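Student: could you work out the structure for the sequence below:
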Amino acid sequence: MRSPIAQAVRLAFGTASALGLARFAYGLLLPAMREDLGWSLAQAGALSAANGFGYLLGALLTPLAVRRAGDAAAFRWSILLTAAALAATAATGSYPVLLALRAAAGLTGAVVFITGGVIAARLAARVASGAPLTLYFAGTGLGIALSGAVVPALGGHWRTAWLVLGAAGAAAAAVSWSAAPAGAAPPSAAAGRARVRPLWRVAVAYLLFATGYITYITFLSAYLADRHASVAQVTLIWTVLGLAVVAAPVLWSGPLTTWPGGRALAVLLALLGGGAALALVSPALPVVLASALVYGATFMCVPAAVTALIRGRTEPGDWTATLAAFTMLFALGQTAGPWLAGVLADRTSTDATLAWTAALCTAAALVAAAVRPPPGPASLLPVPAGRTAPEQGEHQ
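Tutor: The predicted model follows:
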């Protein structure tokens, strides 16, 4: 499997582990852990916030890791450490230790996410298509679908579930190992400069998205538990959500590379906000399934849209540093979001967590709609191999 598309498919197992398993599967485990360990919703949200804080640290450390070891080595070792952190979570019920382990999984997951995204961006440039990027981000759905199919069946046995997730993370590392070939991107003296100012509207929209989207998937199972959803219903909803993430590239590969300015990003965010609000209309299974379907078909394409905007407006040498800077913004949002929404839900109900997602993602859509195309002939189409991306200056 040497083609860029096949390489992107294997690379997608990186996001399956770093995000699908290490970040989002916690939402499935939250009700059992909360009941067994006696947590409030704020405490449960803080565990997700710890993962986001680790993600922030990982974003800060990624440029250093790339300078020292290169993209490929940083990706490979981080995905192994992610699997280890997942398995280790089964070993304790101590809240401080669990916070540390969730932070560790977030840290290594950030390194996987950023370095894998850079490798996928190079593949996209090679084939002049957005498909490698959307395939890479869609890998998250594999992890969500797997956890959705397995974790609910384990009932309250959350320790066993973490061991299963750790084993799945190790398998994902094995599959994606060769997708980050050693020597393809050797260590360099610098990881480029972060170009955030020319993309400030994108950055604001991304921060709002990060603060909002995470509460839906963190508290969805708690929302369903409050409404006495059966194991079969929870399994179906999460599996549909995960499969929608996998299918999303079919819908969004074209718009991500052809729609001008922030149109694709704005549409994704608007649909995401609407999908989250849909679950508040009725707890009936068809309505919640539709909500999960819309959410799954959009939320992981938002990072892909942001990455495409970065790739189209910065030099290739600045991709790693700029992606790291945006991931730091992303981490700040998803660190604060779950805890704040949890505090609000403790004072109201779990409905507040879904309303939080709907409101912030809708606000993000309005900001993204103001993102203009770059001047001149430049577009969001990937740069063909052997050519240098045009300088975009300080526009936007």
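Student: just the pLDDT at the residue nearest to G262 when sequence neighbours are not counted, thanks.
Tutor: Once flanking residues are discounted, G262 sits nearest to V371: 2.7 Å by C-beta to C-beta, 6 or more residues apart in numbering. To be clear about C-beta, it is placed using only N, CA and C from the backbone, and glycine gets the same treatment. The model reports V371 with a pLDDT of 86.
Student: okay, now S230: neighbour count?
Tutor: Using other C-beta atoms under 10 Å, the number of residues around S230 comes to 11.
Student: would you map the helices across this protein?
Tutor: 4-15, 26-37, 41-69, 71-88, 95-127, 131-150, 158-176, 200-226, 231-258, 263-281, 285-296, 301-313, 319-347, 351-368 (DSSP state H).
Student: CA atoms only for the lowest-mean-pLDDT helix or strand in the chain - export them in CSV, please.
Tutor: Lowest by mean pLDDT, DSSP states H and E among the helices and strands of the chain is helix 301-313, with a mean of 85. This file holds the C-alpha atoms of helix 301-313, laid out as CSV (Å, rounded to 0.1, in the frame of the first residue of the first chain):
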residue,chain,number,x,y,z
CYS,A,301,-14.4,18.0,9.2
VAL,A,302,-14.0,21.3,11.0
PRO,A,303,-10.3,20.6,11.8
ALA,A,304,-9.9,19.4,8.2
ALA,A,305,-11.4,22.7,7.0
VAL,A,306,-9.1,24.7,9.3
THR,A,307,-6.1,22.7,8.1
ALA,A,308,-7.0,23.4,4.5
LEU,A,309,-7.3,27.1,5.2
ILE,A,310,-3.9,27.0,6.9
ARG,A,311,-2.4,25.1,4.0
GLY,A,312,-3.8,27.5,1.5
ARG,A,313,-2.5,30.6,3.3
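Student: shaky segments in the stretch 1-150 of the chain?
Tutor: For the stretch 1-150 of the chain, the stretches with pLDDT under 70 are 1-2.
Student: 50 - rerun?
Tutor: Within the stretch 1-150 of the chain, the stretches with pLDDT under 50 are 1.
Student: in contact with L81, which residues?
Tutor: Residues in contact with L81, defined by C-beta atoms under 8 Å, 6 or more residues apart in numbering, are 104, 108.
Student: one more time with 7 Å, if that's ok
Tutor: Contact analysis of L81 by C-beta atoms under 7 Å, 6 or more residues apart in numbering lists T108.
Student: how near is it to R372?
Tutor: Remark: distance between L81 and R372 (C-beta to C-beta, to the nearest Å) = 41 Å.
Student: and the residue nearest to G262, what does it touch?
Tutor: The neighbours of V371, taking C-beta under 7 Å, 6+ apart as the test, are 201-202, 261-262, 265, 396.
Student: now do G14
Tutor: Neighbours of G14 in contact, by C-beta under 7 Å, 6+ apart: 75, 79, 112, 116, 139, 176.
Student: ok, how many other residues are close to the first one?
Tutor: A count of neighbours around F75, defined by other C-beta under 10 Å, yields 31.
Student: okay, now the nearest residue to R10 once chain neighbours are set aside: neighbour count?
Tutor: Leaving aside its chain neighbours, R10 sits nearest to A179 (3.7 Å; criterion: C-beta to C-beta, 6+ apart). Neighbourhood size, A179 [other C-beta under 10 Å]: 24.
Student: is it correct that Y55 is in contact with G106?
Tutor: Yes - between Y55 and G106 there is a contact under C-beta atoms under 7 Å: 4.0 Å.
Student: would you mind measuring from the spatially closest residue to Y223 that is not a sequence neighbour to V234?
Tutor: Spatial nearest neighbour of Y223, excluding adjacent residues (C-beta to C-beta, 6+ apart): T350 at 4.3 Å. Per C-beta to C-beta, T350 is found 14 Å from V234.
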